[in-house]
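Visitor: Dropping a prediction and its sequence here:
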Amino acid sequence: MKLLTLLKDLPKHTLTGSGQVKISHLECDSRRVLPGSCYIALKGTQADGHAFIPEAIRRGACAIVAESPCTQEARDGKVSWVEVNDSRLAVSLMGAAWNGHPSRHMSMIGVTGTNGKTTTAYIAHSLLKQSWLRAGLIGTIAYDNGEEITPSTHTTPGPLELEHLLKEMLENGCRGVAMEVSSHALDQERVAGINFTPLYNINHWLNAGLSLDAVYDNSANIYFEGDVPTTENVRQPKPSRQMAAGLSARVEFVMPYFTIDFGVGKNIIGAGGDFSGTYEILALKVDVLRNSFLHIGYSLYDFQKPNYLMLGVGYRFGSKRKWR
């Protein structure tokens, strides 16, 4: 694979030398570098991989990825050099590209947190297997690549091993993967090249707040002229009789692009007729600004009646939700 192909997903970087050089494999350990390797220098807690770049070049590396500028030794040896801001991010993204981005072709479930990762991952893995027969598992106890189960070496493997393992799972017919994602792995960008399936943490995304609701209902407070109500003598009231404003307490289930609300409120302004008393609302809400939103919903009481359709805008007071 050509070096330029591996660099497509990298953020800002500087390439010195040829991007057309063919890479035989990626390596982070200078002791395992072979002719044609791309060596990626990582800063560790015990040693700095940048100190071993000369060794990697002597062993035949044809490309170097590092957080430092190109050296004269690399120039003299016609070794391509890629300067990046974060080598750990680079190795994750390049590892994904090297293996054909396997996570893009499977449903990826990542489980993180202090407690319960292993149990949750095993439950998710079991559910995936019930649906698709074959599913991958990566965790503290074992790895399941769809064909065989092997003891794990790390809760979350290093990025190159991780992407290779995901490629194996895809080739073995896995359609989904459940994996534990350790805090250490997050800190070291090991999963930066993985496309996780969006899921929702109820504890974080189930929020509460107060909202001021302004409502217009075209079917509210309609009336009949005459003693016998018919479709011919139905009359529309003036617009002010079809508008109201109220205050409601809401619970929000927040999704990526919209929110489902359940709320109980009471109209304060224009509260006569059909707008009298309290209302309960199940609404679909779309955020406009930090604390304002549009909503459309039905009152849960006699919701089959058309005059219980609610259209409006709201303003969120005292919500615990963090704007993202």
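Guide: That came through fine.

Visitor: What is the burial count for Arg31?
Guide: Neighbourhood size, Arg31 [other C-beta atoms under 10 Å]: 9. The C-beta positions use only the backbone N, C-alpha and C, and glycine is treated the same way.

Visitor: Now do it against Val21, distance only.
Guide: 22 Å (C-beta to C-beta, to the nearest Å).

Visitor: same question, Leu42
Guide: Distance from Leu42 to Val21, by C-beta to C-beta: 21 Å.

Visitor: Next: Val82.
Guide: Separation of Val82 from Val21 (C-beta to C-beta): 11 Å.

Visitor: the more surrounded of the two?
Guide: For Val82 and Val21, the more surrounded residue by other C-beta under 10 Å is Val82, and the numbers stand at 24 against 16.

Visitor: Nearest residue to the more buried one in space, please, no chain neighbours.
Guide: Counting by C-beta to C-beta, 6 or more residues apart in numbering, Val65 is the residue found nearest to Val82 once chain neighbours are left out, at 4.6 Å.

Visitor: So the one you found belongs to a strand, correct?
Guide: Yes. Assessed by DSSP: H, G, I helix; E, B strand; the rest coil, Val65 belongs to a strand.

Visitor: Let me see the contact set for Glu27.
Guide: Glu27 is in contact with Val33, Leu34, Ser37, Cys38, Tyr39, Ile40, Ala56, Ala61, Leu160, counting by C-beta atoms under 8 Å, 6 or more residues apart in numbering.

Visitor: So how do I select the buried members of those in PyMOL?
Guide: Those of the contacts of Glu27 that count as buried under 16 or more other C-beta atoms under 10 Å are selected in PyMOL with:
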select buried, resi 33+37+38+39+40+56+61+160
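
Visitor: Can you pull the poorly scored residue ranges out of the stretch 51-200 of the chain?
Guide: 198-200 (pLDDT under 70).

Visitor: how does it look with 80?
Guide: Low-confidence segments of the stretch 51-200 of the chain (pLDDT under 80): 114, 197-200.

Visitor: Show me where it has its helices.
Guide: Along the stretch 51-200 of the chain, counting by DSSP state H, counting those that start in this stretch, helices occupy 53-58, 72-76, 87-98, 117-132, 159-171, 183-187.

Visitor: Name the stretch among the ones you listed that sits most buried.
Guide: Counting by mean count of other C-beta atoms under 10 Å, helix 87-98 has the highest mean neighbour count of the helices of the stretch 51-200 of the chain, with a mean of 24.

Visitor: what's the distance between Ser126 and Lys117?
Guide: 15 Å.

Visitor: ugh, wrong one, I meant Gln46
Guide: 26 Å.

Visitor: likewise Thr71?
Guide: Per C-beta to C-beta, Thr71 is found 41 Å from Lys117.

Visitor: How about residues contacting stretch 184-198?
Guide: With C-beta under 8 Å, 6+ apart as the test, stretch 184-198 has contacts from 9, 86, 88-89, 92-97, 101, 103-104, 107-110, 112, 155-159, 162-163, 166, 181, 256.

Visitor: which parts of it are buried?
Guide: Those would be Ala185, Gln188, Glu189, Arg190, Val191, Ala192, Gly193, Ile194, for stretch 184-198 by 16+ other C-beta under 10 Å.

Visitor: Pick the one among the residues you listed closest to Val177.
Guide: Minimum distance to Val177 across the buried residues of stretch 184-198 is 9.0 Å, recorded for Ile194 (C-beta to C-beta).

Visitor: Could you pull up phi and psi at that closest one?
Guide: Main-chain torsions, Ile194, degrees, to the nearest 10: phi -100, psi 130.

Visitor: For Asn221, see how far away it is.
Guide: Distance of Ile194 to Asn221, given as C-beta to C-beta: 55 Å.

Visitor: How about Ala178?
Guide: Distance check for Ala178 against Asn221: by C-beta to C-beta, it reads 54 Å.

Visitor: Tell me which of the two has more neighbours.
Guide: Using other C-beta under 10 Å, the more surrounded residue of Ala178 and Asn221 is Ala178, with 25 against 20.

Visitor: Am I right that Leu284 is in a strand?
Guide: Yes. Using three-state DSSP, the secondary structure at Leu284 is a strand.

Visitor: pretty sure it is touching Phe253, no?
Guide: No. Leu284 lies out of contact with Phe253 (C-beta atoms under 8 Å); the separation is 10.7 Å.

Visitor: Name the residues contacting each of these two.
Guide: By C-beta under 8 Å, 6+ apart, Leu284 and Phe253 have these common neighbours: Thr259, Ile260, Asp261.

Visitor: ok, and the most crowded of the residues you listed?
Guide: In terms of neighbour count, Asp261 stands highest of the shared contacts of Leu284 and Phe253 at 22 neighbours, by other C-beta under 10 Å.

Visitor: Wait, that one touches Ile281, no?
Guide: Yes. Counting by C-beta under 8 Å, Ile281 is a contact partner of Asp261 at 7.0 Å.
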